[in-house]
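>>> Whatever this is, show me its structure:
(2 chains)
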Amino acid sequence: MGEQWRLFRHEGVSVPTAEGLALDDTLPWAVVNQSSPPILHLYNFVPSAIVGKYQDIEAALRLDRCRARGIEYNRRSTGGGTVIMGPTVVALGLGINVDYPGLKKGIGGVFESLASVLISSMETLGVNAGFRPKNDIEVGGRKLAGLSAASEEGRALLFHTSLLVDFDVDLMTDIMNAPVIKLQDKGYNCFSQRMTTINELAGRAVPMSEVMDAIQASFENEFKISFRPDRPNEKELEALEGFIKNRYTKTEWIFSNRHPRTRMGVGQLKTPGGLLEVYLSLSGSSIENLMITGDFFSTTEYINLLENTLKWTSAHKESIIANLEAVWKEGAIHGVSMDALVDAILKAKEGQVRL
Amino acid sequence: MADIKGYNMPDELYYHKENSWARVEGTKVTVGMTDLFQKEAGDIVFVDLPDEGDDVSQGEVCGKIQSRKWIGKLVSPVSGEIVETNEDLDDDTGLINQDPYGKGWILKIEASDLESELANLMQGQALVAFVEAEIKRSEEEKAKAK
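From the prediction side, this is the model:
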């Protein structure tokens, strides 16, 4: 075995959002400032909703419902959208140098490398997952985990993901604001078509410890390393306390205004294939989220691919067309042309309102 | 205009190894991200900029750039005071992808120590060698993965 990485693993205890996120931020800090080897942090949060660094939290969440249910909310330091965390969702933080041997280069490369580790860990649990470029792990077109990252001090990188072992769909629909709630109001079972869990795929209740063991083993195999169970040292605890104090318990961080305000719109279009509906969330000039639905015929996998292709990309017409052209298969949505889909998206964009 | 292995890297600019560029006009320096960066990153969806009046040092992280779910760094190529930020990016961060050296500029700095700091930035053969090394490293990693 090669180098020993450090392992911070919390089991049997749910971690408050401020503590968990602060410890994650301490990982790349330790890699840079303590010359630490890479550190893997495996844990689970208390029931909570965590938004991406530049998301509009008041648009993403129904904060009154979070408070009423006792659901914590916070903002992480990596990109991407809202995640609902809790006792049956494995949270993973990794602090590593971007030049670490075996880690592929570039933004796409890093996501691919780490997705590959998680996919092989799923295999040991009997789940045949795949990487959906550029950021997701999926099974049959349904999302099992999303990956996000941030370049930190020096060459250090913080990588985040969460793996759904089991999931409370009712909770999610109650506390999230857009655009899924609109679909829920209309009675669509949108989550089950777009997301899945390890328990569902494995056909049994998989213990959290088994998932964490599988992830650890997969990192060891992929990077030819071993893990040393460890805790933060004194300096790292100081850094951690600083992150708790200055970020994760601070209103200015949680309600940060350094983001564009989110807007949402709905576009409807009658096509030869049936009614086409697009629910769109826009953040500045970018598509934060969209859902394509209606009474046309297609596969869940293909619709999810189209949605995923457009998430976190530019909302300009030229960009929408270019991104769709890369994955468009004529006839894959019976009776719906690419032009019609672009028109429906643009109609949703025209009708956008502040949530 | 220089094409290095398919990347547009204009001759007249100075380049930092963290992929920011500097256009020098007197003591005023316009800063942006390179074609190499924007092609690798893909669609830029958010830019978090410093405030006008802030002081920055050469090599300091002075902003953040999000592409998809990755948050990357904007590293200042020179020291000085931020005198202007590109407000057009508020409406369209895609300008960094569409026109990285023109409408996609990010900020302007009144430089404080230009003479000595330009020597730390890349141009000419040093830039060609840097871009080729980055591409080679990426290709080697892809080959290893096969």
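
>>> In contact with B:Glu40: list those residues for me.
Applying C-beta atoms under 8 Å, 6 or more residues apart in numbering or on different chains to B:Glu40 gives the contacts A:106-108. C-beta coordinates here come from the backbone N, C-alpha and C atoms, glycine included.

>>> Include secondary structure, pLDDT and neighbour count when you put those into JSON lines, please.
JSON lines is the format used below for the contacts of B:Glu40 (DSSP: H, G, I helix; E, B strand; the rest coil; pLDDT from 0 to 100; neighbours: other C-beta atoms under 10 Å in any protein chain shown):
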{"residue": "A:Gly106", "secondary structure": "helix", "pLDDT": "82", "neighbour count": "18"}
{"residue": "A:Ile107", "secondary structure": "helix", "pLDDT": "83", "neighbour count": "22"}
{"residue": "A:Gly108", "secondary structure": "helix", "pLDDT": "84", "neighbour count": "19"}
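
>>> near chain B, which of the residues you listed show up?
Among the contacts of B:Glu40, the residues within reach of chain B (C-beta under 8 Å from any C-beta of the partner chain) are A:106-108.

>>> Can you flag the residue of chain A lying furthest from its geometric centre?
Most distant from the centre of chain A: A:Pro272, at 34.9 Å, with distances by C-alpha atoms, centre = their mean.

>>> ok, for that one, nearest residue in space, not its chain neighbours?
Closest residue in space to A:Pro272, ignoring its immediate chain neighbours: A:Gly335 at 4.1 Å, by C-beta to C-beta, 6 or more residues apart in numbering or on different chains.

>>> buried stuff in the lengthiest helix in chain B?
The longest helix of chain B (DSSP state H) is helix B:124-145. Within helix B:124-145, the residues that count as buried by 16 or more other C-beta atoms under 10 Å in any protein chain shown are B:127, B:130-131, B:134-135, B:138, B:141.

>>> all helices of the chain, in order?
Looking at chain A here, since you left the chain open. So, for chain A - with DSSP H - the helices run A:17-33, A:57-60, A:63-69, A:106-124, A:169-175, A:180-185, A:190-194, A:198-202, A:208-223, A:234-243, A:251-254, A:300-310, A:317-325, A:338-350.

>>> wait, I meant chain B there
For chain B, the helices defined by DSSP H cover B:35-41, B:88-91, B:95-98, B:114-117, B:124-145.

>>> got the angle between the last one and helix A:106-124?
To tie it back to what came earlier, the one meant is helix B:124-145. If you take axes from the mean of the first three to the mean of the last three C-alpha atoms, to 10 degrees, helix B:124-145 sits at 10 degrees to helix A:106-124.

>>> Can you tell me which helices and strands helix B:124-145 packs against?
Applying 3 or more C-beta pairs under 8 Å, 6 or more residues apart in numbering or on different chains; DSSP states H and E, one finds that helix B:124-145 contacts helix A:106-124, strand B:3-4.

>>> With A:Leu171 as the reference, name the closest of the ones you listed.
With C-beta to C-beta, the closest approach to A:Leu171 among the helices and strands packed on helix B:124-145 belongs to helix A:106-124: 23.8 Å.

>>> pull the CA atoms of the closest one into PDB?
Output of helix A:106-124 as PDB, limited to C-alpha atoms (Å, rounded to 0.1, in the frame of the first residue of the first chain):
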ATOM      1  CA  GLY A 106      -8.900  19.700 -15.000                       C
ATOM      2  CA  ILE A 107     -12.400  20.300 -13.800                       C
ATOM      3  CA  GLY A 108     -13.900  17.500 -15.800                       C
ATOM      4  CA  GLY A 109     -11.100  15.200 -14.900                       C
ATOM      5  CA  VAL A 110     -11.400  15.600 -11.200                       C
ATOM      6  CA  PHE A 111     -15.100  15.000 -11.300                       C
ATOM      7  CA  GLU A 112     -14.600  11.900 -13.400                       C
ATOM      8  CA  SER A 113     -11.900  10.500 -11.100                       C
ATOM      9  CA  LEU A 114     -14.000  10.900  -8.000                       C
ATOM     10  CA  ALA A 115     -17.200   9.700  -9.600                       C
ATOM     11  CA  SER A 116     -15.200   6.600 -10.600                       C
ATOM     12  CA  VAL A 117     -14.400   5.900  -7.000                       C
ATOM     13  CA  LEU A 118     -18.000   6.300  -5.900                       C
ATOM     14  CA  ILE A 119     -19.300   4.100  -8.800                       C
ATOM     15  CA  SER A 120     -17.000   1.200  -7.800                       C
ATOM     16  CA  SER A 121     -18.100   1.600  -4.200                       C
ATOM     17  CA  MET A 122     -21.700   1.200  -5.400                       C
ATOM     18  CA  GLU A 123     -20.700  -2.000  -7.300                       C
ATOM     19  CA  THR A 124     -19.700  -3.700  -4.100                       C
END
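
>>> Thank you, goodbye.
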